[in-house]
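Q: Build me a model from this:
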Amino acid sequence: MEMVMSFNSSSSISSPLLYPKLKLGRTFTPLIHHLDCLSSSSRTSVSLPKQALKFRSKTPVRSPVKCSVSQTTEARTAKSQLMRRQDIRNIAIVAHVDHGKTTLVDAMLKQAKVFRDNQVVKERIMDSNDLERERGITILSKNTSITYKDTKINIIDTPGHSDFGGEVERILNMVEGILLVVDSVEGPMPQTRFVLKKALEFGHAVVVVVNKIDRPSARPDYVINSTFELFIELNASDEQCDFQAIYASGIQGKAGLSPEDLAEDLGPLFESIIRCIPGPKIDKDGALQMLATNIEYDEHKGRIAIGRLHAGELQKGMDVKVCTTEDACRFARISELFVYEKFSRVPVEKVQAGDICAVCGVDDIQIGETIADKQYGKPLPAIKVEEPTVKMAFAINTSPFVGREGKYVTSRNLRDRLYRELERNLAMKVEDGETADMFIVSGRGTLHITILIENMRREGYEFMIATVEVPEEHMGAVVELLGKRRGQMFDMQGVGSEGTTFLRYKIPTRGLLGLRNAILTASRGTAILNTIFDCYGPWAGDIHTRDQGSLVAFEEGTTSSYALASSQERGQMFVSPGVDVYKSQIVGIHQRPGDLALNVCKKKAATNVRSNKEQTVVLDTPLDYSLDDCIEYIQEDELVEVTPSSIRMCKNAKMAKKAR
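A: Numbering: from 1, shown residues only. So this is what the prediction gives:
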């Protein structure tokens, strides 16, 4: 795992850098490339003359514009002699988290007149999931389309967090080009590298959108230079390196070929999509082929397969065969057929090759299967995604409060729900655990799994989870913190006149558990953490992520102010008065190593002796730990109990107590 840390200055960074970095005024900014390998021998530096990368900002970036269609794409087209459909463009919008791609899609939809003039439209239209709105991130990819000058543009909004890279990987099977959105201040970031690498491997055309150009600290020249160097570093072809650059402000709905000369709308962006992204390559008269790239579920229509039609024509009521391989096929009938128009699915009678559509009628279809011609169809190559990096154990709830708040509490309920998640979440794996009531869930990161947990508790599930091993004044504390987590520094650079320092680390993925909060504490809240997976490496040894023990409830009962007043002297509490607790429940953080059992339910003894003055009890505000915080906090002998109404932690008597 590789990590980059910086102590920032207010000066601009103009020199090319080997890895993407972030600069914020006078803040310590760690950029952690989420890697799991202890060797960096595969990384090479590309050094180019500064004059070769510098663009003049007062003139258009390229004139005339030469768009990127890779040699790989053209070679495949020539060999197969397939035609390109010119009235459709299929694009995916990819970016690092918080670089503004969903806001940019909002502006594209509004300017394409997808909504009525008097229609009230909320922000981040594509983030329709409750968790997406609460957390402010895109979790699931979404399909929509607009029409620009008689050309239909199918748009897929993808997640920006590295934990959801599996969504991006399979979506790239549906498109011919991408809009790579890059923040005008931050430049390329770890997830930018990941999605661009995948797009270049597919041979897709790339249009780079320098977004948030209206920010006062925008540095478009540096961003273009860094992005160009990233193309070189990822072994892009000459045609791919000659990418079209568009400068935009998604929130203002403006774009242009120059940062100082933005149009009043996104016209230059739409023109670049039409001109630089090729139409879908199709075999119009060939045998039907459609790869199921995404799955949705409707309570009335059942499972809905979404994908791009590669060849032939798909009709409503058509008999087809569904194939995983040529030897594993079954037959089905298409009951309903939809295409994406504006912001909704529209029923149609038939779909021509090249368009993205949604198919109903195949109740057992899985992502990666091919809907093919009943007689002559052959399966397309299956979708492959990166392997998981983090594991957690899911088990049935065994606490004394089981069944009070949830309705799905048995191992059968838990098993069915977890394996159902695999039907659309290709980057996740589920295996049976050591006992019949335990399951091992593997994901791309902590956030990847906690989103699943949060969805399950909202659906009424109860279960327990456990982790399974799988500015300059702050630098000393952070270096010490990372050393304890088996992190190895391989680069340190000083940039700027105000003590800006970039530290790069490789650290095992399991060392990330709890690291985000620890780094924020060490840097006094000024740290920003970004991660990306690199490779699998040898076992780095045991990692001690917590020095303090837990305060554990001594008996079952209801907490009282009298008991908590004395208990809080031993550490920080998780519970307030009047809360039901059970024996072995974790009720606080011990101020010293090792666990301590406390009676937090003790009541004040009633006597006939009156005191002259009643004693006033002053209680500290209890710690409010979220699901993510609890997962980061627990150690091997502890569990997180998840119910629809509560999130608790407890000691696990079945596991050997970890020596502290």
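
Q: Quick check: longest strand in this structure by residues?
A: Among the elements of the chain assigned as strand by DSSP state E, the one spanning the most residues is strand 302-311.

Q: and for that strand, what are the contacting residues?
A: 90, 143, 173-175, 280, 282-284, 286-298, 338, 351-360, 362-365, 371, 380 (C-beta atoms under 8 Å, 6 or more residues apart in numbering). Placement of C-beta: from N, CA and C, glycine included.

Q: Equivalent analysis for stretch 208-216, please.
A: Contacts to stretch 208-216, defined as C-beta under 8 Å, 6+ apart, come from residues 95, 99-101, 104, 179-185, 218, 220, 223-224, 227, 243-252, 254-255, 259, 262, 269.

Q: Now, of those residues, which are buried?
A: By the neighbour-count criterion of 16 or more other C-beta atoms under 10 Å, the contacts of stretch 208-216 include these buried positions: 95, 99-101, 104, 179-185, 218, 220, 223-224, 227, 243-250, 252, 254-255, 259, 262, 269.

Q: tell me the SS of residue 566?
A: In three-state terms, and counting by DSSP: H, G, I helix; E, B strand; the rest coil, residue 566 is helix.

Q: Can you check the pLDDT for it?
A: The predicted structure scores residue 566 at 87 on the pLDDT scale.

Q: What is the burial count for it?
A: Using other C-beta atoms under 10 Å, residue 566 has 13 other residues around it.

Q: and it, what does it touch?
A: Not one residue lies near residue 566 by C-beta under 8 Å, 6+ apart.

Q: so how far is residue 602 from it?
A: Residue 566 sits 8 Å away from residue 602, taking C-beta to C-beta, to the nearest Å as the criterion.

Q: Report the set of residues contacting both of these two.
A: Common contacts of residue 566 and residue 602 (C-beta under 8 Å, 6+ apart): none found.

Q: What's opposite residue 648 in the beta bridge?
A: Here residue 648 sits in beta bridges with residue 641, as judged by DSSP bridges.

Q: That one: neighbour count?
A: Residue 648 is flanked by 23 other residues according to other C-beta under 10 Å.

Q: all numbers from here: first residue = 34
A: Taking 34 as the first residue, the last one we looked at is residue 681.

Q: Check whether it really touches residue 618, as I assumed.
A: Yes. Using C-beta atoms under 8 Å, residue 681 makes contact with residue 618 at a distance of 5.9 Å.

Q: anything in contact with each of these two?
A: For the pair residue 681 and residue 618, residues contacting each of them under the criterion C-beta under 8 Å, 6+ apart are residue 432.

Q: what about the stretch 534-683 of the chain, any weak spots by pLDDT?
A: When residues are selected by pLDDT under 70, those of the stretch 534-683 of the chain lie in 534-538, 542-568, 573-578, 639-649.

Q: Report the contact partners of residue 125.
A: Listed by C-beta under 8 Å, 6+ apart, the contact set of residue 125 reads 188, 189, 191, 201, 204, 205, 207, 208, 210, 211, 212.

Q: and these, which are buried?
A: By neighbour count, with 16+ other C-beta under 10 Å, the contacts of residue 125 hold 188, 189, 191, 201, 204, 205, 207, 208, 210, 211, 212 as buried.

Q: so the second one, which of the three states?
A: What it means is residue 189. For residue 189, the assignment made with three-state DSSP gives strand.

Q: From residue 200, how far off is it?
A: From residue 189 across to residue 200, the span is 10 Å (C-beta to C-beta).

Q: Could you name every residue contacting both of those two?
A: Looking at what touches both residue 189 and residue 200 (by C-beta under 8 Å, 6+ apart), the common residues are residue 174.

Q: Not counting the helix or strand where residue 405 lies itself, show me its contacts.
A: Assigned by DSSP states H and E, residue 405 belongs to strand 403-406. Contact partners of strand 403-406, identified using C-beta under 8 Å, 6+ apart, comprise 320-325, 338, 340, 345, 347, 353-357, 362, 365, 367, 392, 395, 398, 410-413.

Q: 10 Å instead?
A: Outside of strand 403-406, the residues within contact range by C-beta atoms under 10 Å, 6 or more residues apart in numbering are 319-325, 338, 340, 342-347, 351-359, 362, 365, 367, 390, 392, 394-395, 398, 410-415.

Q: repeat for stretch 350-358
A: When contacts are defined by C-beta under 10 Å, 6+ apart, stretch 350-358 is touched by residues 321-323, 325, 338, 347, 361-370, 382-383, 392, 394-395, 397-399, 401-413, 415.

Q: So which bits of it are buried?
A: Of the residues in stretch 350-358, those buried under the neighbour-count criterion (16+ other C-beta under 10 Å) are 351, 353, 354, 355, 356.

Q: The last one and residue 322: what is the separation?
A: Residue 356 sits 10 Å away from residue 322 when distances are taken as C-beta to C-beta.

Q: So for the two, which residues contact both of them?
A: Between them, residue 356 and residue 322 have 403, 404, 405, 410, 411, 412, 413 as joint contacts when contacts are counted by C-beta under 10 Å, 6+ apart.
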